Each structure stands twice: as structure tokens, then as C-alpha cells.
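[1] Predicted coordinates and the sequence they were generated for:
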Amino acid sequence: MSNKIIIAIDGYSSCGKSTLAKALAAKLEYVFIDTGAMYRAVALYFLRNKIAFDDSAAIVAALTKITLNFSYNAATLKSDMMLNNENVEAEIREMAVSQKVSEVAAIGEVRDFAVAQQQAMGTQKGIVMDGRDIGTVVFPNAALKIFVTADPAIRVERRFLELRLTNPTISKEEITANLQHRDLLDTTRERSPLRQAADAKLLDNSTMTREEQFALALQWALDKIKEANG
């Protein structure tokens, strides 16, 4: 099948969007683009360089000094986030960045910067991109849009199991507060708030295994690819 499509996956944090997107991309031999990692990298740069989130001039100047790209990691079989040619994949997943990424992602200049790069990445199609506004803003004409959600308590548990591997002292209370804060910022920000596109398929994976979620999403993708190829 020669005609490839764009698959846009949106949803709340800690719902497994990236895991699903990576699996779909691998199966379909598409390119996976982790937009959350891009915003995390920008947040890390701002934190490192003490860029105030309300200083527009400093933000615009800082963005001209940021180069983002992904580098394939043969050891993990995944693409790592590169910030100015530095592998920051591990550092951007730390709580210090998690606590600030939604604030940074809400900054208009940052969103313009990231969206322009994301749209450029999708010109050739054949991509799976996950984030908060992929189906509503970045690729409103994507052939397949999926909106992922899950019960908040389940999201906390999943995030806790993930983070305690690298941070044994992390508590569920910290994670709960962080997710609630991010949800509030993501859904109420003025620019590109998190919302389900009218034509997006809702995927509530609260009671689903990864395998069940993948099978459902893959069938949706295959159906859309078939449509694209007549």
C-alpha cells in the first residue's frame, strides 16, 4: 500500500499515549514523533538557563538557540530526544521537568515553535505523533485521530510504577498532585487546550491491557490505510 497516512494520538498524561504510538509506528513501519519530549526538552533548556516563563523577550531569544531532533538508540530500539545535539532523554523524564512542562507548553511562542517543527515533520506522511493538540491543531486533517483517556487513579498507579524505578522515594501523593496540576493546565490553557477532536476515536484504556489497546488501535489504523489506498 503506497499511500501512507498521519495518525494523531492525543490525551491526558500517563495514559500510555507514547507507548501506543511507538508500537503502532513500529508495526506499520512509520516514523514516531514524541511531541511531549519536544516540550520537555524546551522546558529543560529554560530551567537550565533560568529563563522566566513570563519573559517573552527572553523566551523568543532562547528559542532561536534551541535545536530539537530525535536520534535512534540501538540499545533501546527507541528514538531519544536530542537538545542541541545532547541526548537528554533521561533528564527530561525527571520530576523537575514534569512539574514545569505543562507551564512551558502553554506559552504561545513555545507552541508556535514546536508546532511549526511538528508540521514540517509530517509533510511526507507515514508518521504517528502523540501529544495534546495533534488532532486539533497540528494535523486537523489527519486520517486517524485517537483520543486516549483512563481513570485518574489508574493513571497515578501507572506513573508511580514507572517513576519508582529511577526515583525510589517518589510518592503517589506527589504524582497525584503533579497529574492534577498538569491536567488543569493542559485543559484550560488559552492556546491549544487539550480536547478531543470531533472526529477522534475515544480510547478509554482503564481496563485494557497494552495488547488489547494496541489491537484496537491497529485495526483502526489498518482500516484508514485501506481507505487511503482505495
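    Perfect, thanks for sending it. Residues are numbered from 1 along each chain as shown.

[2] can we go C-alpha only for contacts and neighbour counts from here?
    OK.

[3] Can you give me the buried ones in the host helix or strand of Gln119?
    If you go by DSSP states H and E, Gln119 is part of helix 108-121. Residues of helix 108-121 classed as buried: 109-111, 114-115, 117-118 (neighbour count, 16 or more other Cα atoms under 10 Å).

[4] Check stretch 221-230 too.
    Residues of stretch 221-230 classed as buried by neighbour count (16+ other Cα under 10 Å): 221, 224-225.

[5] Among those residues, which ones are in helices?
    Taking DSSP state H as the definition of helices, those contribute 221, 224-225.

[6] Who does the worst-scoring helix or strand of the chain on mean pLDDT pair with, and is each partner parallel or antiparallel?
    Least confident helix or strand, the chain: strand 68-73 with a mean of 85, by mean pLDDT, DSSP states H and E. Strand 68-73 has its sheet partners listed here by DSSP bridges as strand 78-83 (antiparallel).

[7] which residues touch stretch 61-70?
    38, 41-42, 45-46, 51, 79-85, 110, 113 (Cα atoms under 8 Å, 6 or more residues apart in numbering).

[8] please redo it, this time with the cut-off set to 7 Å
    38, 79-84 (Cα atoms under 7 Å, 6 or more residues apart in numbering).

[9] mind listing what the residue lying closest to Arg93 once chain neighbours are set aside touches?
    Distances taken as Cα to Cα, 6 or more residues apart in numbering place Arg40 nearest to Arg93, at 7.8 Å, with adjacent residues excluded. If you count contacts by Cα under 7 Å, 6+ apart, Arg40 has them with 92, 97, 101.

[10] Closest to Glu211 out of those?
    Ile92 (27.0 Å; Cα to Cα).

[11] about what we covered before: buried residues in the least confident helix or strand of the chain?
    68-70.

[12] sorry, back to before: secondary structure element holding the residue nearest to Arg93?
    Element membership for Arg40, per DSSP H and E: helix 35-48.
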